[in-house]
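Colleague: got a sequence here, can you model it:
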Amino acid sequence: MLLVVLVPLAVLVVLGQRHWETRTAALAVVEATSERLDDRLLERCLTRPDLLGARGRRGRRGRRPARVGHLYAYDASYAPARADAPELDEGMRADLESEGYGWREVSGPNGRDMLQVALRTVDDGACSVILVERPAAPFEAPLWPPLLFSLLAIAAAFAAAGPLVRRVRRLTAAALAAQRGEAFEPDPTNDEIGALSRAFAADREELARRNEALERRERALTRFVSNTTHDVGIPLTVLQGHLVALRQRLGRSDDGKVLGKALEEAHYIGALIRNLAAAAKLDDPERHLVREPVDLTQLVERVAGRHEPLARAKGLSLDFATPDSPVELTGDLTLLEQAVGNLVHNAVRYNDGGGHVAVLLEVADGRFEIRVIDDGPGVSEADLARLGERRFRSDEARTRRPTGTGLGLSIARDVAERHGLTLAFANGDPHGLIATLSGPLR
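Modeller: Just a heads-up that it's a prediction; the model follows:
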């Protein structure tokens, strides 16, 4: 930055000095020419302006005015008296109108710079303007002194700012190390950087204290949700069993239909409680996923059996198909079963009476695929890509079931990602939804 600022500044200073020297020389020429233009010389110029052009001579009485070169005369309209006279450009004419004189530097025939100074003498006549042309003075201000000064200034700035920059870099390294979990060591000095580092340290301590308090409250809430869902889940399962038994006794009577609605809501409450337990487990940083062999064949059978009473109460047919031999996957049994259960529960809950739901487990080339297929209304293409986002519900789901939370599919996607599996959704043909959970067997 210092190089970018100081070097151009030094060049500007040199150019400014050159401009000042040239302007001073031009003013000296104006003064010397004005002294030489006495009445007799001016009268001779007005009589024969084409003869004006002799070189200046030494003044009388030992005075030595500035040496003058060629002289050229111009009338009031800036027309030259001689054909070889330089043309006055617009800039010089404007200076003559406003200041009474003007000057410029041009390149002479031999490559030497020439200084041309024009001054107004009278308002009218052939010698209204006289232009003096003389060699420009050599540039007396070399470029190396300001450049040397710039380099010295840069060196001094580096010498003064070097220790400060090193301390700032050490402070930055300490802050980055603290982000990686290392202890933050503040600067022990009593200057501004030391005060800044101590402020950083105090701020980090306060943030750590608040973060620890938040984590304690979150862990307490997670344990509360986990314990509560477990305590509520047991009597709810018993209640669901009694409702299923009563539904079977009442059959398709009016009371049986009302009981079917109650069974559906009880299943929804059960699914919600299990989802809360799964969410608490997934969000608890201290609880790691259990890695154990999981038989996907038995898992699909249990999920289908758990949802079959609900499907029957809604007038749906729920079928499943699995391989004859066990299909084992290493993972967390509770979470995997909850993920598949959420997919099946979603298919049953948003389907219409008389519809069908199928759960298929297939194995090929060391990979498994669980597909949950329904012939319900499906979802729009715009909502299809967002299924599984936390708290997202499609327009169809909000219309048919306004009380839903959108938690089930997001938990299924989260469980799939934690196990390195893939959860995808696609619309069926001609309608319905296909949810596919797939991945390698390991």
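Colleague: hey, where'd the helices end up in the protein?
Modeller: Remark: helices assigned in the chain by DSSP state H are 2-36, 39-47, 90-99, 144-179, 192-250, 254-283, 296-313, 333-349, 381-384, 395-400, 407-418.
Colleague: would you format those as TSV with mean pLDDT, mean neighbour count and distance to Arg371 included?
Modeller: Any C-beta I mention is one placed from the backbone N, CA and C, and that applies to glycine too. Formatted as TSV, those follow (pLDDT from 0 to 100; neighbours: other CB atoms under 10 Å; distance: least, CB to CB, whole Å):
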stretch	mean pLDDT	mean neighbour count	distance to Arg371
helix 2-36	75	15	65
helix 39-47	71	13	110
helix 90-99	88	13	86
helix 144-179	75	13	44
helix 192-250	74	13	26
helix 254-283	72	18	20
helix 296-313	89	20	10
helix 333-349	89	23	9
helix 381-384	81	12	16
helix 395-400	50	14	20
helix 407-418	87	21	13
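Colleague: out of these, the one nearest Asp113 is which?
Modeller: Closest to Asp113 of those is helix 2-36 (CB to CB; 9.3 Å).
Colleague: next, the angle from that closest one to helix 90-99.
Modeller: 60 degrees (axes from the mean of the first three to the mean of the last three CA atoms, to 10 degrees).
Colleague: now the angle from helix 2-36 to helix 144-179?
Modeller: Relative orientation of helix 2-36 versus helix 144-179 (the same axes, to 10 degrees): 160 degrees.
Colleague: helices or strands next to helix 2-36 in the packing?
Modeller: Contact here means 3 or more CB pairs under 8 Å, 6 or more residues apart in numbering; DSSP states H and E; on that basis helix 2-36 packs against strand 101-107, strand 113-120, strand 129-135, helix 144-179.
Colleague: who wins for proximity to Arg36 among these?
Modeller: Distances from Arg36 to each of the helices and strands packed on helix 2-36 were compared using CB to CB; the shortest belongs to strand 129-135, at 9.8 Å.
Colleague: pLDDT on the closest one, on average?
Modeller: Strand 129-135 shows an average pLDDT of 86 in the prediction.
Colleague: ok now it, how far from the chain's centre?
Modeller: Once both centres are worked out by CA atoms, centre = their mean, to the nearest Å, strand 129-135 turns out to sit 62 Å from its chain's centre.
Colleague: ditto for stretch 357-372
Modeller: In this view, stretch 357-372 has its centroid 42 Å away from the chain centroid, taken as CA atoms, centre = their mean.
Colleague: from here on, call the first residue 51.
Modeller: Sure thing, new numbering starts at 51, so read that last one as stretch 407-422.
Colleague: that older thread, so can I have CSV of the helices and strands packed on helix 52-86 showing distance to Glu81?
Modeller: Compiled in CSV, the helices and strands packed on helix 52-86 are given as follows (distance: least, CB to CB, whole Å):
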stretch, distance to Glu81
strand 151-157, 10
strand 163-170, 10
strand 179-185, 11
helix 194-229, 30
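Colleague: next, the contact list for the nearest residue to Asp145 once chain neighbours are set aside, please.
Modeller: In space, not counting the residues next to it along the chain, Asp145 is nearest to Gly152; the distance is 3.1 Å by CB to CB, 6 or more residues apart in numbering. Applying CB atoms under 8 Å, 6 or more residues apart in numbering, one finds that Gly152 lies in contact with Leu138, Gly141, Met142, Arg143, Ala144, Asp145, Leu146, Val167, Ala168.
Colleague: which residues touch Arg254?
Modeller: Residues touching Arg254, when contacts are defined by CB under 8 Å, 6+ apart, comprise Ala228, Phe234.
Colleague: residues in contact with the most centrally placed residue in the chain?
Modeller: Centrality entry for the chain: nearest residue to the mean C-alpha point is Leu226, 20.8 Å, by CA atoms, centre = their mean. For Leu226, the contact set (CB under 8 Å, 6+ apart) is empty.
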